[in-house]
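Peer 1: Give me the fold of what follows.
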Amino acid sequence: MADQTFDFDDGVFVFETVMRVRNTEIDASQYLTFEALTAQLAEARARFLFSKGIKEINTDFQGLMVDQLHLTLTSRVRAREELLFEVGVEALTDDGGTFAIKVTRMNDASLVATARQRFVNYDYRLNKPIALSTSVAEALNPQPFEL
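Peer 2: Residues are numbered from 1 along each chain as shown. Sure, this is the predicted structure:
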């Protein structure tokens, strides 16, 4: 597979959260495992959605489901390091969009990882993707910031 680089416009990131690497998330070489980083990306996404007032699954059994993950690990991370996760939405479509996530170290702002997560609005009763509701699309739509 060819190397992919993610170039993000810094204006896309509208949410930040910090997480510390736990001892249970490292492997024998004392570095954060790929699986644990993926779980932290899911946690950052869940915190972002919560901040926007979007439930994981609503009362109509509909919710956002990640169907693609593209992750580039730039630097290894040790236990007890604090990581800054910056999250935003790059593009919205009728039934979903793409989350952009950048992970950096808190102590020196060095890049750890970048990720794109493609998501769809999924109806668990119908077992298929459906159009985004107006309220979810408005909550996720990046709003330009003006002074």
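
Peer 1: Kindly indicate whether the residue positioned nearest the centre of the chain is helix, strand or coil.
Peer 2: For the chain, the residue nearest the mean C-alpha position is residue 45 (4.1 Å; CA atoms, centre = their mean). Of the three states, residue 45 takes helix under DSSP: H, G, I helix; E, B strand; the rest coil.

Peer 1: try the one 3 residues further on
Peer 2: Secondary structure for residue 48, judged by three-state DSSP, is helix.

Peer 1: if I look at it, how far off is residue 75?
Peer 2: Going from residue 48 to residue 75 by CB to CB, to the nearest Å gives 23 Å. Placement of C-beta: from N, CA and C, glycine included.

Peer 1: how near is the closest residue to residue 128 other than its chain neighbours to residue 93?
Peer 2: Once flanking residues are discounted, residue 128 sits nearest to residue 122: 7.4 Å by CB to CB, 6 or more residues apart in numbering. In this view, residue 122 and residue 93 are 14 Å apart by CB to CB.

Peer 1: The two: which is more packed in?
Peer 2: Legend: neighbour count by other CB atoms under 10 Å for residue 122 and residue 93, higher for residue 122 (20 against 14).

Peer 1: That one: what's it in contact with?
Peer 2: Going by CB atoms under 8 Å, 6 or more residues apart in numbering, residue 122 touches 62, 63, 64, 65, 128, 129, 130.

Peer 1: With adjacent residues omitted, what lies nearest to residue 64?
Peer 2: Residue 64 sits nearest to residue 119 (CB to CB, 6+ apart), 4.9 Å away.

Peer 1: Which strand residues bridge the one you found?
Peer 2: Beta bridges link residue 119 to residue 66, residue 97 when assigned by DSSP bridges.

Peer 1: hang on, the earlier thing: on the pLDDT front, check the residue nearest to the centre of the chain for me.
Peer 2: We have a pLDDT of 97 for residue 45.
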